[in-house]
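Colleague: Fold the stuff below for me.
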Amino acid sequence: MTTEHLEKHKALLENFEQMVELLNQLTVGKYNSLELYINNCHHFRARILEVQELLVDESFEQYLMKNDVALYCGIYSMSMAIAMLANMLENLKNFAS
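Modeller: Have a look, this model is predicted:
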């Protein structure tokens, strides 16, 4: 366990907490404007990109799987669900054209 891993772990946890909050808002929130909804989508995407950047480091990913499997599984599950949704939207777009 290195100091770098501990710092990345903290950053990952903070990003995940923000992702959960944004996903809850995007899922059940009532929006008064499309701009606000799109803004939350952009913030959510930014969190995903930061998480992906942190998980590029294989030694950190291994550290996380050993030391915080719940966080690792939560991020992995959320990423898979978002990827599935993105794929569905892409397929719907292709069907419409």
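Colleague: Give me the buried positions along the host helix or strand of L49.
Modeller: Assigned by DSSP states H and E, L49 belongs to helix 34-55. Neighbour-count burial for helix 34-55 flags 40, 43-44, 47-48, 50-51, 54-55 (criterion: 16 or more other Cβ atoms under 10 Å). For the C-beta atoms, the positions are set from N, CA and C on the backbone; glycine is no exception.
Colleague: which one of those residues is nearest A86?
Modeller: I48 (10.4 Å; Cβ to Cβ).
Colleague: now the helices for the chain?
Modeller: 3-28, 34-55, 58-67, 69-96 (DSSP state H).
Colleague: Hey, what's the angle from the longest one to helix 34-55? Just curious.
Modeller: With axes from the mean of the first three to the mean of the last three Cα atoms, to 10 degrees applied, the angle from helix 69-96 to helix 34-55 works out at 130 degrees.
Colleague: before we move on, the earlier item: who are the packing partners of the helix holding L49?
Modeller: Helix 34-55 sits against helix 3-28, helix 58-67, helix 69-96, with contacts defined as 3 or more Cβ pairs under 8 Å, 6 or more residues apart in numbering; DSSP states H and E.
Colleague: how about TSV for those, with distance to L36, mean pLDDT and mean neighbour count added?
Modeller: Listed next are the helices and strands packed on helix 34-55 as TSV, based on distance: least, Cβ to Cβ, whole Å; pLDDT from 0 to 100; neighbours: other Cβ atoms under 10 Å:
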stretch	distance to L36	mean pLDDT	mean neighbour count
helix 3-28	10	95	14
helix 58-67	33	94	14
helix 69-96	20	90	12
